[in-house]
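Novice: Here is my input; please provide its structure:
(chains A and B)
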Amino acid sequence: MATLPAVEKPPAALADTPAAKPRTGFRKHWHLYAAISPFYLLFLAFGLIPVGFSLYLSFHRWDGLGSMEWAGLAQYQYLLTDSDFWQSIGNTIVIWALATFPMIFIAMVAAVMLNSAVRFKNVYRFAYFLPNVTSIVAVAIIFGSVFSTNFGLMNALLQAVGLDQVAWLNTPWGIKVAIATLMTWQWTGYNAIIFLAGLQTIPSDLYEAARIDGAGPVQTFFRVTLPLMRPVLLFVLVVSTVTGLQSFAEPQVLLQTTANESTFSGGPDHAGRTMVLYFFQQTFDNNDFGYGAAVAWGIFLVVVLFSIINWRLVRRRGEA
Amino acid sequence: MRLSRRGLLRAGLAGTAATALGGLASGCAVPTGSTGRNMVLWYWSGGLSDTVVKEARARYDDVVTLKAQQIGGYYRPKLITTMAGRAHIPDIAGLKGEDMASYLPNADQFVDLRTLGADKLKGQYLDWKWQQAVAPDGSLIGFPIDVGPVVQYYQPAVYDKAGLPSEPDDVSREMDTWEKFFAAGEQLKKRIPGTYILTDVGSVFEMSIGQGTTRFVDRDRHFIGDGEHVRTCWDRAVEAKRRGIVSNIVTGTPDSISATEKGHLPSQLNASWAAGDLKLQYPKTEGNWRVADCPGGPSNVGGSFLSITKACREPERAFEIIAWMLNADNQAQGFVEAGLFPSTPASYGMKKLREPDPFFGDQITMDVYGPAAEKIPVAYNSPYDVALGQPIRDEIKNVGVLGKDPEKAWSDAMSKCRRIADHLGVSR
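Specialist: The predicted structure follows:
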């Protein structure tokens, strides 16, 4: 936005005359600023101010209705020693990893297949994208059935190949796998479409050159496709990090319990309690808005950290 | 058509204005009460009888325009944020029973209903329910909508097959203590293998807590969740697990639905409003259920209130409307229509509440609910109860589901509670 006025610099001769000088920058281009202002004004009102307020809030104790009480760094001190918070970070990362790596692999395979498919291309694209626009609550309810112990599809499959039943929603690892599977199912198609877009930007003469040089399909994939897809891979990884680390509705609906219990507790041993679920529980179950705000900033830092790590990893491999 | 720059600009500004205005307008009606004509009422789906709301609107039409709005999603955060934002606050707001304690420290945000003559109506409502809406300073901030007396829902055919009593009166009498109920559970499991009297241990713990007069934090802000009264409830739940009368099934999954339909989970300890869930979830089992007393005595889960916020310009009128909507006749309507169990004992004798219920084999269920509702003990509910009860509930679940060692689970719960108590400024 700040670079906009620079495009239309007055000619040097005019700029030298004192009369023309004041009409630069904002006053000259105010109508352009006005035209783009809706987004920025709305962002300020509904984005930036609440974010600032949550920072302010995290230094207070507040039950949401009464008066705020200054708490200094107490909320953050408690946060650092809060084993529940650390557990929720661990849960989130494990679920994220369980969901993301299979997802990227499947999405890449799907995209390569889509790229070489000739018929019904649009049908496939639509089908892949569909899971992503399905209501997450509906999906979670279906997955609740898939993973139920006695009559679930998953255990029926396991038993069909002669394995034992797994109490998916009753064991700490089962819960994580169930949530991760749900997320993989939901995001694979979306990422496949993005990979596909990336694949289509690779010039076909590179492939021709590879073929002439005698490279097989596998070699072509690892030597031509993958290096050129690195920026797309980075994008997918960062986006899935940001969304995966904020997972909330999936465990919440999948592990919905009876009326006597908190819907945010994340199942037995809190195995499915992600960071955002923990934030929600602290804020709205316990009415502890100050601590909730501190948890939210903790989550923010974790997400930033992870995005940086991701970015670094993908970039370094690119430079090597 | 080509848009000129000026036209584009105009369109942009108009868009901004429309967005801003739209945001305000859709927020919630007209600035509250400012015209003296509008009266905004917030409640949640199923929180009030739709018929009663409609009748109230017609009845008071000449003096106010009652705008009854059902608020979807998580109700309390929406109410709290609106109140904290100090704009578009509803005149009349529903307060959920389980949240009631958290509103009490901020009684100054609500109109003290005593100043509007609520005391004159006190005798018509269940005393324990009334007490739940009394703030520490003595003011009354909520007017009782409904209560949730806990009963034992059971399938008589299964009990019969296991040689247990199956008539409601007999079940109520012969399973009136937890010990007898557990023994019945053992007999059930022995006679019909694979059948469990309890789906999970949580209900034993929860209902037991509700049967007492003390909970997790007392009036002086002391943590008492480590006391004998909680430990007894804990041990009782552990005992149920030890005796093997608790299933491994997760509530709400196809497993539990199928097991319930097949009679493998023939009983549930739950509040009166759960009858609606049973009817909805297991329509095929109509006629196969009965209602009996909860073992160990009456308990309560849920049940809500209506309040008048400080933003209301005409509290007298608002109170008139509330008192009418929640009188004994209309509460009876709420029960018939939405399963809201009346907080007015006078309703219990009414003819339309004494209709035989075909889902429960034409049993007159009021005979069980009514006396239970009147005998629920008065317990002090602290605003910190949720935060300090949760670790104990979580750990009893770990014992029930994961088979965690009960002693380890208890000490884990206690150390977590102590930490949270320190953080919240609750002494121990």
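Novice: Residue 277: neighbour count?
Specialist: With no chain named, the answer covers chain A. Using other CB atoms under 10 Å in any protein chain shown, residue A:277 is surrounded by 26 other residues. (Glycine included, C-beta is placed from N, CA and C.)
Novice: Switch to chain B, please.
Specialist: Neighbours around residue B:277, by other CB under 10 Å: 15.
Novice: next one: the one 3 residues further on
Specialist: If you count neighbours by other CB under 10 Å, residue B:280 ends up with 8.
Novice: Name the helix or strand for it, please.
Specialist: helix B:274-281 (DSSP states H and E).
Novice: which other helices and strands contact the following helix or strand past that helix?
Specialist: Downstream of helix B:274-281, the next assigned helix or strand under DSSP H and E is strand B:290-293. For strand B:290-293, the packing partners by 3 or more CB pairs under 8 Å, 6 or more residues apart in numbering or on different chains; DSSP states H and E come out as strand B:150-154, helix B:168-174, helix B:366-374.
Novice: which parts of the stretch 51-200 of chain B sit against chain A?
Specialist: Counting by CB under 8 Å from any CB of the partner chain, the stretch 51-200 of chain B comes close to chain A at B:74, B:76-77, B:80-81, B:83-84, B:102-103, B:105-106, B:109, B:200.
Novice: no no, the stretch 251-400 of chain B
Specialist: Counting by CB under 8 Å from any CB, the stretch 251-400 of chain B sits next to chain A at B:251-255, B:258-259, B:271, B:274, B:301-302, B:383, B:386-387, B:390, B:393-394, B:397-398.
Novice: Mean neighbour count, the helices and strands packed on strand B:290-293: which tops it?
Specialist: Mean neighbour count (mean count of other CB atoms under 10 Å in any protein chain shown) peaks for strand B:150-154 among the helices and strands packed on strand B:290-293, with a mean of 25.
Novice: That one to helix B:274-281, inter-axis angle?
Specialist: Angle between the axes of strand B:150-154 and helix B:274-281 is 30 degrees (criterion: axes from the mean of the first three to the mean of the last three CA atoms, to 10 degrees).
Novice: List the buried residues of the helix holding residue B:280.
Specialist: Residues B:274, B:275, B:278, B:279 are the ones in helix B:274-281 that count as buried (16 or more other CB atoms under 10 Å in any protein chain shown).
Novice: check contacts around the single nearest residue of the stretch 151-300 of chain B relative to chain A.
Specialist: In the stretch 151-300 of chain B, the residue that lies nearest chain A is residue B:253 (3.7 Å; CB to the nearest CB). Residues near residue B:253 by CB atoms under 8 Å, 6 or more residues apart in numbering or on different chains: A:144, A:145, A:148, A:149, A:152, A:169.
Novice: And for residue A:223?
Specialist: Residue A:223 is in contact with A:210, A:215, counting by CB under 8 Å, 6+ apart.
Novice: Confirm that it sits in a helix.
Specialist: Yes. Judged by DSSP: H, G, I helix; E, B strand; the rest coil, residue A:223 forms part of a helix.
Novice: Kindly state the pLDDT recorded for it?
Specialist: Residue A:223 is assigned 89 on the pLDDT scale.
Novice: Helix, strand, or coil at residue A:282?
Specialist: helix.
Novice: Excluding covalently adjacent residues, which one is nearest to it?
Specialist: In space, and not counting its chain neighbours, residue A:282 is closest to residue A:292: 4.8 Å by CB to CB, 6 or more residues apart in numbering or on different chains.
Novice: Mind telling me what element that neighbour is part of?
Specialist: helix A:289-319.
Novice: ok, and for that helix, which residues are buried?
Specialist: Of all the residues in helix A:289-319, those buried under the rule 16+ other CB under 10 Å are A:289-299, A:302-303, A:306-307, A:310, A:314.
Novice: that older thread, ok, the residues of the stretch 51-200 of chain B next to chain A vs residue A:44, which is closest?
Specialist: residue B:81 (18.9 Å; CB to CB).
Novice: follow-up on the earlier one: with residue A:245 as the reference, name the closest of the helices and strands packed on strand B:290-293.
Specialist: Among these, strand B:150-154 comes nearest to residue A:245, with 40.1 Å by CB to CB.
Novice: Go ahead and produce PDB holding the CA coordinates of the closest one.
Specialist: Extracted in PDB, the C-alpha atoms of strand B:150-154 (Å, rounded to 0.1, in the frame of the first residue of the first chain):
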ATOM      1  CA  VAL B 150     -32.300 -37.500  37.900                       C
ATOM      2  CA  VAL B 151     -34.100 -40.900  37.500                       C
ATOM      3  CA  GLN B 152     -33.200 -44.400  36.400                       C
ATOM      4  CA  TYR B 153     -34.400 -45.200  32.900                       C
ATOM      5  CA  TYR B 154     -34.500 -48.900  32.400                       C
END
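Novice: quick one: average pLDDT of it?
Specialist: 97.
Novice: Could you list the buried residues of whichever helix or strand comes after that strand?
Specialist: Remark: after strand B:150-154, the chain's next helix or strand is helix B:156-161, criterion DSSP H and E. For helix B:156-161, a neighbour-count test (16+ other CB under 10 Å) marks B:156, B:157, B:158, B:159, B:161 as buried.
Novice: which residues are in contact with helix B:156-161?
Specialist: For helix B:156-161, the surrounding residues in contact (CB under 8 Å, 6+ apart) are B:165-167, B:171, B:184, B:188, B:191-192, B:195, B:263, B:266, B:288-290, B:361.
Novice: Taking those, please make a PyMOL selection of just the buried ones.
Specialist: Buried residues within the contacts of helix B:156-161, by 16+ other CB under 10 Å, are selected in PyMOL with:
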select buried, chain B and resi 165+166+171+184+188+192+195+263+266+288+289+290+361
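Novice: before we move on, the earlier item: who does the helix holding residue B:280 touch, helix- and strand-wise?
Specialist: By 3+ CB pairs under 8 Å, 6+ apart, helix B:274-281 packs against strand B:150-154, strand B:267-271.
Novice: State the pLDDT value of the closest residue to residue B:273 other than its chain neighbours.
Specialist: Once flanking residues are discounted, residue B:273 sits nearest to residue B:339: 5.1 Å by CB to CB, 6+ apart. What the model reports as pLDDT for residue B:339 is 88.
Novice: And the residue nearest the centre of the chain?
Specialist: Since you didn't name a chain, this refers to chain A. By CA atoms, centre = their mean, chain A has its centre lying nearest to residue A:243, at 1.4 Å.
Novice: try again with chain B
Specialist: Centroid check for chain B by CA atoms, centre = their mean gives residue B:302 as the closest residue, at 1.8 Å.
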